[in-house]
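1. Next input, structure requested:
(chains A, B, C and D)
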4 protein chains.
Amino acid sequence: MPTGRVEIHAFESRVLAGNPAGDPHVRRVPVWLPPSYDTEPARRYPVLFVLTGFAGRGRMLLNDTAWSLPLDERLDALVAKGCGEMIVVMPDCFTRFGGSQYINSGATGRYTDHLVDELVPWSDATFRTRAHRDHRGVAGKSSGGFGAMTLGMTRPDVFGAVACHSGDMYFEYCYRPDIPRACTVLQRAGGTRAFLERLESNPQKTQDDFTTINILGMAACYSPDPAAEMGVALPFDLATGAFREDVWARWLAFDPVLRLPACEAALRSLRLLFLDCGTRDEFHLHHGARLFARGLGERGIPHVHEEFADSHMNVSYRYDTSLPLLAAALGA
Amino acid sequence: MPTGRVEIHAFESRVLAGNPAGDPHVRRVPVWLPPSYDTEPARRYPVLFVLTGFAGRGRMLLNDTAWSLPLDERLDALVAKGCGEMIVVMPDCFTRFGGSQYINSGATGRYTDHLVDELVPWSDATFRTRAHRDHRGVAGKSSGGFGAMTLGMTRPDVFGAVACHSGDMYFEYCYRPDIPRACTVLQRAGGTRAFLERLESNPQKTQDDFTTINILGMAACYSPDPAAEMGVALPFDLATGAFREDVWARWLAFDPVLRLPACEAALRSLRLLFLDCGTRDEFHLHHGARLFARGLGERGIPHVHEEFADSHMNVSYRYDTSLPLLAAALGA
Amino acid sequence: MPTGRVEIHAFESRVLAGNPAGDPHVRRVPVWLPPSYDTEPARRYPVLFVLTGFAGRGRMLLNDTAWSLPLDERLDALVAKGCGEMIVVMPDCFTRFGGSQYINSGATGRYTDHLVDELVPWSDATFRTRAHRDHRGVAGKSSGGFGAMTLGMTRPDVFGAVACHSGDMYFEYCYRPDIPRACTVLQRAGGTRAFLERLESNPQKTQDDFTTINILGMAACYSPDPAAEMGVALPFDLATGAFREDVWARWLAFDPVLRLPACEAALRSLRLLFLDCGTRDEFHLHHGARLFARGLGERGIPHVHEEFADSHMNVSYRYDTSLPLLAAALGA
Amino acid sequence: MPTGRVEIHAFESRVLAGNPAGDPHVRRVPVWLPPSYDTEPARRYPVLFVLTGFAGRGRMLLNDTAWSLPLDERLDALVAKGCGEMIVVMPDCFTRFGGSQYINSGATGRYTDHLVDELVPWSDATFRTRAHRDHRGVAGKSSGGFGAMTLGMTRPDVFGAVACHSGDMYFEYCYRPDIPRACTVLQRAGGTRAFLERLESNPQKTQDDFTTINILGMAACYSPDPAAEMGVALPFDLATGAFREDVWARWLAFDPVLRLPACEAALRSLRLLFLDCGTRDEFHLHHGARLFARGLGERGIPHVHEEFADSHMNVSYRYDTSLPLLAAALGA
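-> Below you'll find the model as predicted:
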């Protein structure tokens, strides 16, 4: 079986230089080049950006695991079965807060700008891409699904196709239930910085830790506030524990389900709009996907909405469904 | 050690006859009579109503368990250590929906009326109580704590002292997080009646079952609706899964934290206002207790607020703290 | 529906007086008298002894629980459906070590003697039993199932029918896997007495606590040793952590699967020999039940062996199957 | 900070060609070359073989993870702090049964031979190693710790230093408790092949799956049997569920705790003999480590035995302790 190959590039970002979270501005970006890339030197390819979930970065898509395939081997297998060939870029948008949601934030950095203004032109300049939004897609799972959908909704000039797997949406159900526990943990830790330092220094993470870094990470993305500790307004009052409706309203401004009406034209312009979710998703994201798909349906916006009998974890096999659709939609 | 004794009375309620949930209107009500009750036939006693948590009824307070004391033996031990003697009544306000929250509801029945208009006068007529609100208290844990606090806030004419252990309050944190899962389960079951019938026929209950019956039970209490299935408006749209703000607003009308300002005079009139909660409460009720205590403090309302390093479960030992305070406050 | 009634007798045991574990020798013994007991004063009934599981005692069979029936109400319902009437005795063989396995032990007390030499004659003297082994049965679940089976195997002169639900057997699978963890916990606690004192004083029990008290309880029953701390030889060396084959061999002497060949005549003499187990039993007892049933089958000993798709917990509904069979076998 | 670099070599094994499990005989072997390797072309280095745990292979040591370091970055950081420089080889001894325990087995293949007769000479021929057992070490965690210790005990001619982190030993405690559950799962699956095929085809693995593949994997390593399904004798009778003492005795022949007396000379010859374990190890391996260390101490064999307050998972930070000791012992 002919296989593609991975190059891991060190990308020096000007956008991320001096970012507020103190994260590195040089990032390692794996790029998968398809099997024919070296043998057909004149051929150009669609390009797909694959965005990881929370606490992830591009290289993790290549991690070796028993009984599962890393993304490069998954792509090899799909191409062998007839999937069109694409170049696949795996950005690193990790931050000290666990992620960036691929948006610009005053607390983490300008990650949308990093993607759109840096990685996209760099990939077009470096690899033999077909450098047009009709041949450029974005896909991801969980927070990466959120990122893919949000980029499709807001930057249709850059991305012409979207696959959103188990993506964060309907924040009422996917984030709000975890706020009380995050409040308890952050109060006990003594605030944002103390919590982060403990998390970073303690090799074992508890379920409470994951719940809390997830809520804290979302706050860093959705409700940055220069006046707050580490620049992050929390969705609760750390002193009293009370829920903060004002902060929550800022989060909701990013909820794909609520943004859908305003982004109708962008969504309608996509050559593929794919979303799926497991019906036992621990973050209740199947509700969000259904509500989003319902909104699309009511507006007559073409889309593919699938459900599968599984949970939120270990569902990378769902790329076997979306990648061939993306390749076809992007003209591969 | 002299001990009290328990009488279990079959109480035929007129208020509950023909209740909408189809629950029995004859209830078994245990009453604990203190050690001196039979030896001092002229003596009268304060009376305390103890309300169980969700899925409970009075008799469960007497259940035998290894390494723990049933309420009657706990009372014996406390009296032996000097706690004042009271008569203790253990109402049965269980319903098919798992409970009544001790309030009147069009979906379950008029349980406040049953308590206040039936059990109180009956206990005064049947036992040698000191029949005045200054000598009548109410206590409970979890949903029973909610019931005790709510009765203290709304019926200070009837109850003169309150102890609320790990009581339901700040619904934003204690109920709202469980709504997405309840929605998933009820959708899968096919609605309220189908879920209840499965719950009742299946001897094994899962965590999903408990989460769902809890949310369904609260809906039966807080948002009855004759137009809805079984008379219960759910806090989500069963068809789409969307959260229903209108139903939720009805729930919030019962949140003790939000009702506090309107009930200031009642709360100020209490001879004892005790509330506590474990700092690892799985329903995040420690936040509610703190917010409630903060509201009391801001208004200068006397109260006792304690925290303890434990969870929501198996904390009946906390009665060792509240019962002597109640006895003293009620003049025992 | 006519119902039976429960009398709770305080039984003063001479056998248990001064027992080595320091447990009370006066025990409360509930006895269920069937619906016709008071209306047919000349009628005599078979008698069934129902033995609770580990950490249980007779009164717990009467505990009130939502969505389940206590044993007395279960018996009422069965009789209403045609089950023969029996007198049902619910012994209390609880000890400080969590139980007695209903056997005689130098560390806990002589609980078989208490049952056979005290409770049996007392029940025949006190109630209108048919005082013959052909009309006297024994049943139980988990440790109670072990007790029932062991009494059937060793005292067929006393008991003529047995029902063993999810009973302890094939110790290789049901106890041995928990020994390493119990060793860790007891080492950390500082030994048997220190562990017990912590268990008794701490209202919250962890899973480790339950695993450890279970192993410790079995050691108290199966391997008493006057030279060991509190008279109990542990199946591991507390200092080194090493498994003790010599102690384990003492346990195995009580394993019903291994004792079966020696008790063939007794088992063959039973009017009913019923055993069942859930196929998802957490203690792997379905393997033991199968091996026991296989041994019976190989010897042509009549028996009923059932499996059901459930776990070890909350399976009291299985009495709905065994009690009518017992009643019939005992001539009710 | 100067850093080393990783080369991933495709190694074609003659030993593994045609192995009975049908696993590939070409393996990707990462090798970390230390910072000075390219700048000091005449310098030779000790070599360390690092063996992964069950379900692992060398490349997984390089997996990218949030809040933790892959082995190459860990080595970079240690060298920067003064740790001596070594070449580090990361073998791939994964099999269809989840692992090889780094031993020769008729069911999986000759993995000790692959290591000792192929990878060792290849590494000496390919890299600038100091090609003598005094400068060659072996380390690993869990099954890799077992492999390291076993190689130290049996092949002191090849390896002169050992670090065993949370290594499999005292099989009585680390494997035997999981046998009943594995028996249940394999019976339900319908045998070895049916279980493996389901495991391989189902992207979600349950805890039962992991428990079972672990026991099955050990059986493939310790009790191969050409007459059994897939060449693996199970430690229980699949038909009856009964434990098989004969198969278990074959396993015990590999238990480091039991082999220690026979390997005294080899152990005494090691330049470093390091073992550690967390005191909350889920597989109870702290007991094995203590018993092993006790055996070493009784014989006056020099060793380092450490304990740490952690569990079995996510303890790769323990290499920060062992790697500098290994480097020093190997003359780096």
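
2. hey, where'd the strands end up in the stretch 101-250 of chain A?
-> Secondary structure of the stretch 101-250 of chain A (DSSP state E, counting those that start in this stretch): strands at A:104-105, A:109-110, A:136-141, A:161-165.

3. Turn those into JSON lines, including mean pLDDT and mean neighbour count.
-> Where you see a C-beta, it was placed from the backbone N, CA and C, and this is true even at glycine. Below are these laid out as JSON lines (pLDDT from 0 to 100; neighbours: other Cβ atoms under 10 Å in any protein chain shown):
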{"stretch": "strand A:104-105", "mean pLDDT": "98", "mean neighbour count": "20"}
{"stretch": "strand A:109-110", "mean pLDDT": "98", "mean neighbour count": "23"}
{"stretch": "strand A:136-141", "mean pLDDT": "98", "mean neighbour count": "29"}
{"stretch": "strand A:161-165", "mean pLDDT": "98", "mean neighbour count": "30"}
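
4. so which of the ones you listed gets nearest chain B?
-> Among the strands of the stretch 101-250 of chain A, strand A:161-165 comes nearest to chain B, with 17.6 Å by Cβ to the nearest Cβ.

5. And chain D, is the closest one touching that?
-> No. Figure legend: strand A:161-165 not in contact with chain D (Cβ under 8 Å from any Cβ of the partner chain); closest approach 13.2 Å.

6. and that strand, which strands flank it?
-> strand A:136-141 (parallel), strand A:272-278 (parallel) (DSSP bridges).

7. how many other residues sit next to whichever residue of the stretch 1-150 of chain A sits closest to chain B?
-> At 16.3 Å from chain B, residue A:142 is the closest residue in the stretch 1-150 of chain A, using Cβ to the nearest Cβ. Counted with other Cβ atoms under 10 Å in any protein chain shown, the neighbours of residue A:142 add up to 26.

8. How about residue A:35: what's its closest non-neighbour residue?
-> residue A:2 (4.0 Å; Cβ to Cβ, 6 or more residues apart in numbering or on different chains).

9. My error: substitute residue A:275 in the last question.
-> Nearest-residue entry for residue A:275: residue A:164, 4.3 Å, with adjacent residues in sequence omitted and distances by Cβ to Cβ, 6+ apart.

10. Then residue A:248?
-> residue A:235 (5.2 Å).

11. is it true that that neighbour touches residue A:247?
-> Yes. Contact criterion Cβ atoms under 8 Å: residue A:235 and residue A:247 qualify, at 4.6 Å.

12. any residues in contact with both of those two?
-> Counting by Cβ atoms under 8 Å, 6 or more residues apart in numbering or on different chains, the shared contacts of residue A:235 and residue A:247 are A:219, A:223.

13. and the stretch 101-250 of chain A, which residues reach chain D?
-> Counting by Cβ under 8 Å from any Cβ, the residues of the stretch 101-250 of chain A that sit close to chain D are A:199, A:200, A:203, A:204, A:205.

14. Do you know the pLDDT at the closest residue to the fourth one other than its chain neighbours?
-> Nearest residue to residue A:204 in three dimensions, chain neighbours excluded: residue D:314, at 5.8 Å (Cβ to Cβ, 6+ apart). The score at residue D:314 is 93. That number is its pLDDT.

15. so what's residue D:314 up against?
-> Taking Cβ under 8 Å, 6+ apart as the test, what residue D:314 contacts is A:203, A:204, A:205, D:68.

16. what's near enough to touch the third one?
-> Shown here is residue A:205, whose contacts under the criterion Cβ under 8 Å, 6+ apart are A:199, D:67, D:314.

17. which one of these is nearest chain C?
-> Using Cβ to the nearest Cβ, the contacts of residue A:205 come closest to chain C at residue D:314, 19.6 Å.

18. Check the gap between the closest one and residue A:64 for me.
-> Counting by Cβ to Cβ, to the nearest Å, the gap from residue D:314 to residue A:64 is 17 Å.

19. Can you check the contacts of residue D:314 and name whichever has the most neighbours?
-> Most neighbours among these, by other Cβ under 10 Å: residue A:205, with 16 neighbours.

20. Distance check, the most centrally placed residue in chain A against residue A:316.
-> Computing the C-alpha centroid of chain A and ranking residues by Cα atoms, centre = their mean puts residue A:144 first, at 1.6 Å. Between residue A:144 and residue A:316 the computed distance is 11 Å (Cβ to Cβ).
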